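Asker: structure of the sequence below:
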Amino acid sequence: MFDKENDRREPAPLTVGKPILDRLSSEVTSIVTQALSPLSADERNALHRQSWFTIIRRDKNAFVATLAFEATIERLQQSQAKNGTVFIQEAVLMECIHYLVWCEGPLNTILGEVCFLGVRAGFPFRSWRNSELVQLDSPQDIMDTSVSLKAGYLQANHVTFPQGVFDPKVRNAIAHMDFKLTPEGDILYWSRLSGRPEHTTLWKLQRRVWALRDVCITIEKTVADGIARYLQ
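Answerer: Have a look, this model is predicted:
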């Protein structure tokens, strides 16, 4: 049942603390500033056009599609509640896909934009391709990397993500359907090459989604404000 244990009781919406988001915003602003401030107006506009066709347009589409997905989930939940047919396993499955959508949509695209600006700011982004370590320069090369690599690159260049918001183990398990739902609504998932599953619940995953949303929106607004300051 939903109230069987404390961590299965529906919580009030939990957001990432403002000081943490302010710090994240400041660190992203630093990258945007270092990338754009040395450029002429023409160079800034050219860089923006290059990014628009590969990353920024995709980022906008990712947010729109994600919000549409959330509206669909809300309608399904309201319909179930109205009919008195709320099934915990269905709710958990929807939340798993919900987390994956945020990871592979808004988080993936907005991190791609910050990585692209980081490269233009002079912070090399390297990745293994065909047993060779190559430098990633173009927006498409950067977008072709995983969310984990993008996040790792930014963390290595002093962008601090709230702890536990993006969990590659949870993301990978959901993406590869390497998880199991229990009748009580628990989620058992397996890390790569691990024979012992890890464990979370619907409400813990839901809190992670709320935090991920806060992070994506914070970065999105910071990047947009930063670019707007330098574009004419």
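Asker: does anything pack onto whichever helix in the chain runs longest? Which helices or strands?
Answerer: Ordering each helix of the chain by length in residues (DSSP state H) puts helix 202-230 first. In terms of contacts (3 or more C-beta pairs under 8 Å, 6 or more residues apart in numbering; DSSP states H and E), helix 202-230 is packed against helix 18-36, helix 57-83, helix 88-102, helix 108-120. Where C-beta positions appear, they are placed from N, C-alpha and C, glycine not excepted.
Asker: could you dump these into JSON lines with mean neighbour count added?
Answerer: Output for those, formatted as JSON lines (neighbours: other C-beta atoms under 10 Å):
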{"stretch": "helix 18-36", "mean neighbour count": "17"}
{"stretch": "helix 57-83", "mean neighbour count": "13"}
{"stretch": "helix 88-102", "mean neighbour count": "19"}
{"stretch": "helix 108-120", "mean neighbour count": "25"}
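Asker: turn those helices into TSV, including distance to residue 47 and mean pLDDT.
Answerer: Output for those, formatted as TSV (distance: least, C-beta to C-beta, whole Å; pLDDT from 0 to 100):
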stretch	distance to residue 47	mean pLDDT
helix 18-36	7	96
helix 57-83	15	90
helix 88-102	27	92
helix 108-120	6	97
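Asker: among these, which is nearest residue 178?
Answerer: helix 88-102 (11.2 Å; C-beta to C-beta).
Asker: quick one, which of the helices and strands packed on helix 202-230 is nearest to residue 177?
Answerer: That would be, of these and by C-beta to C-beta, helix 88-102, which comes in at 9.4 Å.
Asker: from what I can see residue 214 touches residue 16, true?
Answerer: Yes: if you go by C-beta atoms under 8 Å, residue 214 and residue 16 touch, sitting 4.5 Å apart.
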